[in-house]
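**Student:** Predicted coordinates and the sequence they were generated for:
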Amino acid sequence: MSEYKCFSCNKILGMDHMKKRIRCVYCGSKIVFKRRSVSTTVEAV
């Protein structure tokens, strides 16, 4: 099961919330992102 996190209020949203609409149910923000289980590092060149 995928989990999403709100960029504004940092609340975790379940997939059942994302099927209905693409807004945070807590603060109404449209910016949500999928949480990663493994952290990645990016090296600047």
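**Tutor:** Everything's here; your move. Remember, predicted model here, so these are calculated numbers, not experimental data. Numbering: from 1, shown residues only.
**Student:** where's the closest residue to residue 15 other than its chain neighbours relative to residue 45, distance?
**Tutor:** For residue 15, ignoring the flanking residues on the chain, the nearest one in space by C-beta to C-beta, 6 or more residues apart in numbering is residue 2 at 5.2 Å. To be clear about C-beta, it is placed using only N, CA and C from the backbone, and glycine gets the same treatment. As for residue 2, its distance to residue 45 is 31 Å (criterion: C-beta to C-beta, to the nearest Å).
**Student:** ok, now residue 30?
**Tutor:** According to C-beta to C-beta, residue 30 stands 33 Å off from residue 45.
**Student:** Which residue of these two possesses the greater neighbour count?
**Tutor:** Using other C-beta atoms under 10 Å as the criterion, residue 30 and residue 45 rank with residue 30 on top: 11 against 3.
**Student:** Might one say that the more buried one is in contact with residue 23?
**Tutor:** Yes: in this structure residue 30 lies within contact range of residue 23 using C-beta atoms under 8 Å: 5.6 Å.
**Student:** Quick one: low-confidence residue ranges for this structure.
**Tutor:** Where the chain drops to pLDDT under 70, the residues are 1, 18, 20.
**Student:** Tell me which stretches of it form strands.
**Tutor:** Along the chain, counting by DSSP state E, strands occupy 3-6, 12-14, 32-34.
**Student:** Point out the most buried one among those.
**Tutor:** Compared across the strands of the chain, strand 3-6 shows the largest average neighbour count, a mean of 16 (mean count of other C-beta atoms under 10 Å).
**Student:** Given that one, what are its sheet partners and their directions?
**Tutor:** strand 12-14 (antiparallel), strand 32-34 (antiparallel) (DSSP bridges).
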